[in-house]
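Chemist: Need coordinates for the following:
(one chain, ligands or ions: 2)
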Amino acid sequence: MNILVVGGGGREHALIWKLRQSPRVEKLWCAPGNGGVAADAECLPVEAGDVDGLVALAERIQPDLTVVGPEIALANGLTDAFRARNWPIVGPSQQAAQLEASKIFSKEFLLRHEIPTAKMYGAFDSAPEALRVLDQVSWPLVIKADGLCAGKGVCLAANPAEAKDFIEGTLLRDQLGPGGRKILLEETLAGDELSFILVTDGHSYAPLVPTRDHKRVFDGNLGPNTGGMGAYSTDDLLTAPMRQTILSTIVEPTLQGLADDNIRYQGFLYIGLMLTPDGPKVLEFNCRLGDPETQAIVARMDFDLAEVLADVAADRLIPEKLKWKPGASVCVVLVSGGYPGRFATGKVIHGLTGVSDLTGVMAFVAGAALHPDHSLATSGGRVLGITAAAPTLQAALRHVYDAAHKVHFDGVHYRKDIGAHDQQPLAAKG
Ligand code: AMP
Ligand code: GLY
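Modeler: Ligands and ions are numbered 1, 2, ... in the order given. Next comes the predicted model:
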């Protein structure tokens, strides 16, 4: 099989690392890829959101399978364009991708199918109307921009002044652009967050191992939200009854709801959950794999990913094929100093050969570019995801942090407490 992976982050590098292990795979391309991916796949300079460019590229290279990483490709209709030409591709349609691309669409879907989620106070495109309901809500209040906003679209407002700031910034001053021209006000949920990702061909589904992301930039969950500073997965992250509750109250009603709405969903579905005292509730849907969750997930895959993804594209997923290494895995993300705010780029990355000398530790590259002298230098906020699997979480953490200490670039920052936040299994409470 010759496979094209669309995207250019750590998630795509992790997919490529796993796909390369398949005896079925001959050739891997990545569009656009990055300086680190270039070691494992041929990188082709077409952006993930450029549907026409990717169609022209696939026309030329004729991949046997295309796997889509980022939401922008899905929201722009890449899979529809490929399916119209009968080209095998893994990823939901543009219509299905609305589950991620429009928070209002996704909230209406959840309410229509009675899937547990945060209570909605209303959806607005007018600031005065949104401000009028502020005296009827509980605090803190969650305000979400409807559209894709590169991770900046959610505000947890502690009081009416903060809420007013965000509402006026989005609806009056257009600070988030088109994604922020409608907003949703909802109740704040308290509990433990969990990333529950599954793969489906539209008929059968298979859950991946559950993971937890760490969104805040500093240890102790302090500082602003990021795209994700690290993730981990363990066998005992979920109790068996909690897992069953998630499947029966969230996953199955969601897949049934899609079928009832005549939305054919094929690909990965990421369900962001809050495990509240009243049971699991949906925070968000993403129509793709998570980043950095994917890095922690591929480290535990004990099956042929190329075979399973070809099955998904051909509508014949066999869930039993997905087997997992017992134990745990961890991904720690090394970021540029200043991220998620302003940061410098072009800093040479040292010490990566030290990581590749450690067996079982992978350095998945996200924001880095190859310089003409073949050195790898930073080019983005999230630079590297150091990842390992091991029989226990403690061992995986030791491997990952030993490796992370060997890597250096000017301004490097990473959290020292990935996986340490809560090691109790997430059980059904109440
Ligand atoms: P979203 O883009 O919807 O995933 O939101 C980003 C982050 O905001 C989530 O991972 C949560 O940490 C937080 N969040 C979103 N909705 C809620 C909510 N209703 N209650 C509490 N936290 C939330
Ligand atoms: N790590 C969160 C996401 O991929 O959306």
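Chemist: can we go C-alpha only for contacts and neighbour counts from here?
Modeler: Noted.
Chemist: List the buried residues of the lengthiest helix in the chain.
Modeler: When the chain is parsed with DSSP state H, its longest helix is helix 393-406. Buried residues in helix 393-406, counting neighbours by 16 or more other C-alpha atoms under 10 Å, are found at 393, 395, 396, 397, 399, 400, 401, 403, 404.
Chemist: Measure how far it is from the centre of its chain, please.
Modeler: With C-alpha atoms, centre = their mean, to the nearest Å as the basis, helix 393-406 stands 22 Å off its chain's centre.
Chemist: before we move on, what about stretch 52-64?
Modeler: Distance, centroid of stretch 52-64 to centroid of chain: 25 Å (C-alpha atoms, centre = their mean).
Chemist: Quick check: buried residues in that stretch?
Modeler: In stretch 52-64, counting by 16+ other C-alpha under 10 Å, buried: 54, 55, 57, 58, 63, 64.
Chemist: quick one: pLDDT of the nearest residue to residue 172 once chain neighbours are set aside?
Modeler: Distances taken as C-alpha to C-alpha, 6 or more residues apart in numbering place residue 127 nearest to residue 172, at 6.7 Å, with adjacent residues excluded. Predicted confidence (pLDDT) for residue 127: 97.
Chemist: Then residue 57?
Modeler: Looking at residue 57, the pLDDT reads 98.
Chemist: next one: the one 4 residues further on
Modeler: Looking at residue 61, its pLDDT reads 98.
Chemist: For it, give me phi and psi.
Modeler: phi -90, psi -20 (degrees, to the nearest 10).
Chemist: Can you find the residue of the protein that comes nearest to ligand 2?
Modeler: residue 290 (3.3 Å; C-alpha to the nearest ligand atom).
Chemist: For the residue nearest to residue 225 when sequence neighbours are not counted, give me its contacts.
Modeler: Once flanking residues are discounted, residue 225 sits nearest to residue 216: 4.4 Å by C-alpha to C-alpha, 6+ apart. The contact partners of residue 216, by C-alpha atoms under 8 Å, 6 or more residues apart in numbering, come to 222, 223, 224, 225, 226, 228, 229.
Chemist: between these, which is nearest ligand 1?
Modeler: Among these, and counting by C-alpha to the nearest ligand atom, the member closest to ligand 1 is residue 225, at 7.7 Å.
Chemist: Quick one: residues contacting that closest one.
Modeler: Counted by C-alpha under 8 Å, 6+ apart, residue 225 has contacts 151, 215, 216, 217, 340.
Chemist: swap in residue 296?
Modeler: So, once contact is read as C-alpha under 8 Å, 6+ apart, residue 296 ends up touching 211, 231, 232, 233, 329, 330, 331, 387, 388, 389.
Chemist: where in the stretch 201-350 of the chain is pLDDT low?
Modeler: Scanning the stretch 201-350 of the chain for pLDDT under 70 picks out nothing.
Chemist: mind listing the helices for it?
Modeler: 240-246, 252-260, 293-298, 305-313 (DSSP state H, counting those that start in this stretch).
Chemist: Mind listing what's buried along the second one?
Modeler: Burial within helix 252-260, assessed by neighbour count using 16+ other C-alpha under 10 Å, is assigned to 253, 254, 255, 257, 258.
Chemist: Residue 115 is in contact with the second one, correct?
Modeler: Yes. Using C-alpha atoms under 8 Å as the test, residue 254 is close enough to residue 115 to be in contact (7.2 Å).
Chemist: quick one, what contacts the residue nearest the centre of the chain?
Modeler: In the chain, the centroid-proximal residue (C-alpha atoms, centre = their mean) is residue 290; its distance is 1.6 Å. Listed by C-alpha under 8 Å, 6+ apart, the contact partners of residue 290 are 11, 270.
Chemist: For it, give its distance to residue 195.
Modeler: According to C-alpha to C-alpha, to the nearest Å, residue 290 stands 8 Å off from residue 195.
Chemist: Pull up the overlap in contacts between those two.
Modeler: residue 270.
Chemist: And the helices in the stretch 51-200 of the chain, which stretches?
Modeler: 51-61, 71-75, 78-84, 98-101, 103-112, 127-132, 160-167.
Chemist: Quick check: can you list the domain ranges of this structure?
Modeler: 2-91, 126-181 (automatic domain parsing).
Chemist: Name the stretch among those domains that sits most buried.
Modeler: Comparing the domains of the chain by mean neighbour count (mean count of other C-alpha atoms under 10 Å), domain 2-91 ranks first with a mean of 20.
Chemist: does any bit of it sit next to ligand 1?
Modeler: No. Domain 2-91 lies apart from ligand 1 when judged by C-alpha under 6 Å from any ligand atom; the minimum separation is 12.7 Å.
Chemist: Indicate whether that domain makes contact with ligand 2.
Modeler: No. On the criterion C-alpha under 6 Å from any ligand atom, domain 2-91 is out of touch with ligand 2, staying 8.8 Å away.
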